[in-house]
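Participant: Sequence plus predicted model, see below.
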Amino acid sequence: MTQTLTLRRPDDWHLHLRDGAMLQGVLPESARHFARAIIMPNLVPPVVTGDQARAYRDRILAALPEGMAFEPLMTLYLTEGTDADDVAAAHASGLVKAVKLYPAGATTNSHGGVRNIDAVMPVLERMAEIGLPLCVHGEVTDPQVDIFDREAVFIDSVLDPLRSRLPGLRVVMEHITTEEGVAYAKAGGETLGATITTHHLIINRNHILVGGIKPHYYCLPVAKREKHRLALRAAATGGEGRFFLGTDSAPHVDALKEHACGCAGCFTATNTMQLLAHVFEEEGALDRLQHFASLNGPRFYGLAPNEATITLAKGGPAQWPAKIFTEAGPVTVFDPGFAVHWHVEA
Ligand SMILES: NC(=O)N[C@@H](CC(=O)O)C(=O)O
Ligand SMILES: [Zn+2]
Ligand SMILES: [Zn+2]
């Protein structure tokens, strides 16, 4: 008898869709399984104003193939020049669901991000007043700090002081990668959430570095030691409402991944749900996949969960393309390195 699992349709609370030809190529991969996604604003140039977010939302909807339903939940890229009134208006109109803090230089297209938190305090205070969440790429950029320690140092030196200063601010710790991140999220109250990616449940730093350098496993924050992967698995599968799925599916064309200075990002939009079923089954937690992928995120963001469902079925080896071919170039789909037997039924 085939084993099946029906869930409310999942949402992706951290997604990079890019723009132009890449958007056109990757959007169907997300829309096939996900009803909604929080859309990251790190385009070139970034999505800073409400008008830019509205125009980007229109481009996403225009790129959506006929017959597919998908709701982009827009974000604004926080800069030291961001206008609090513009943010509040974009929120009040229902357009924008979060503001994204990139420490300047921390990750892909983050150079326009924040250098000095004091410079954005008026915007953050306004967000706390109106209940608009701040999504945080939580890594320090200090060259003195080892790349594997940058998340833990960020929590102590930036995030915790910020939350003490503004306890009313709703914060999402994006793509947490460490046991320190898990512990901090657990200790936070109702105003703190954390997203976990698919790939950080599967790879540790050995996958990137042992037996030759594997550029398609390189992302930011970089995967850490095995004990951290295990802590993330326990958090994702533990059923606690503060942890939810944010795939951080981050497409880059192969030419820029397989490069002397390769871009950061894993592309998991195509196979995330199959991989998550595998991971949750391994952890004996299939009954909690719906919390992680479909219920906890909407609750944090104050939205209703989706009414539609998807069904996962276990059978022969799951198949997905090794690459998707966009007009911008080929993009490699994340390879977990093991066989997966879960499928998403049409
Ligand atoms: N996660 C990544 O490795 N890359 C993301 C940026 C980000 O989410 O930090 C990207 O935009 O490529
Ligand atoms: Zn990030
Ligand atoms: Zn991201």
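Facilitator: That came in fine, so what should we check first? Numbering: from 1, shown residues only. Ligands and ions are numbered 1, 2, ... in the order given.

Participant: can you give me the strands for the stretch 151-300 of the chain?
Facilitator: With DSSP state E, counting those that start in this stretch as the criterion, the stretch 151-300 of the chain has strands at 171-173, 192-196, 243-245.

Participant: Quick one, which of these gets closest to ligand 2.
Facilitator: Among those, strand 192-196 comes nearest to ligand 2, with 9.8 Å by C-beta to the ion. C-beta here means a position set from N, CA and C on the backbone, and glycine is covered the same way.

Participant: follow-up on the earlier one: could the strands of the stretch 151-300 of the chain be laid out in JSON lines, adding mean neighbour count and distance to ligand 2?
Facilitator: Listed next are these as JSON lines, based on neighbours: other C-beta atoms under 10 Å; distance: least, C-beta to the ion, whole Å:
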{"stretch": "strand 171-173", "mean neighbour count": "27", "distance to ligand 2": "11"}
{"stretch": "strand 192-196", "mean neighbour count": "26", "distance to ligand 2": "10"}
{"stretch": "strand 243-245", "mean neighbour count": "27", "distance to ligand 2": "15"}
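
Participant: now those in JSON lines, with mean pLDDT and distance to ligand 1?
Facilitator: Formatted as JSON lines, the strands of the stretch 151-300 of the chain follow (pLDDT from 0 to 100; distance: least, C-beta to the nearest ligand atom, whole Å):
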{"stretch": "strand 171-173", "mean pLDDT": "99", "distance to ligand 1": "12"}
{"stretch": "strand 192-196", "mean pLDDT": "99", "distance to ligand 1": "10"}
{"stretch": "strand 243-245", "mean pLDDT": "98", "distance to ligand 1": "14"}
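
Participant: Format these as JSON lines; extra columns: distance to A106.
Facilitator: Shown next, in JSON lines, are the strands of the stretch 151-300 of the chain (distance: least, C-beta to C-beta, whole Å):
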{"stretch": "strand 171-173", "distance to A106": "14"}
{"stretch": "strand 192-196", "distance to A106": "16"}
{"stretch": "strand 243-245", "distance to A106": "22"}
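
Participant: Out of these, which is closest to T82?
Facilitator: strand 171-173 (16.7 Å; C-beta to C-beta).

Participant: partners of the closest one in the sheet?
Facilitator: strand 134-136 (parallel), strand 192-196 (parallel) (DSSP bridges).

Participant: possible to save those strands as TSV with distance to R115?
Facilitator: As requested, those are exported to TSV (distance: least, C-beta to C-beta, whole Å):
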stretch	distance to R115
strand 134-136	15
strand 192-196	24
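
Participant: among the ones you listed, which is nearest A104?
Facilitator: Of all those, strand 134-136 comes closest under C-beta to C-beta, at 13.5 Å.

Participant: Which positions in the stretch 51-200 of the chain make contact with ligand 2?
Facilitator: Applying C-beta under 5 Å from the ion, we find that the stretch 51-200 of the chain lies next to ligand 2 at 107, 137.

Participant: and the stretch 51-200 of the chain, which of its residues are near ligand 1?
Facilitator: For the stretch 51-200 of the chain, the residues in contact with ligand 1 (C-beta under 6 Å from any ligand atom) are 107-108, 137.

Participant: Correct me if wrong: F267 contacts F334.
Facilitator: Yes - counting by C-beta atoms under 8 Å, F267 touches F334, with 5.9 Å between them.

Participant: Touching both of those two, which residues are there?
Facilitator: Common contact partners of F267 and F334 (C-beta atoms under 8 Å, 6 or more residues apart in numbering): H216.

Participant: Count the residues that sit near the residue of the chain found nearest ligand 2.
Facilitator: At 3.6 Å from ligand 2, H137 is the closest residue in the chain, using C-beta to the ion. For H137, the neighbour count with other C-beta atoms under 10 Å is 24.

Participant: wait, what's in contact with it?
Facilitator: Going by C-beta under 8 Å, 6+ apart, H137 touches 100-103, 106-107, 110, 174-175, 220.

Participant: So which of those belong to strands?
Facilitator: The members of those that map onto strands under DSSP state E are 100-101.

Participant: Now which of the contacts of H137 would you call buried?
Facilitator: Taking 16 or more other C-beta atoms under 10 Å as the criterion, what is buried in the contacts of H137 is 100-103, 106-107, 110, 174-175, 220.
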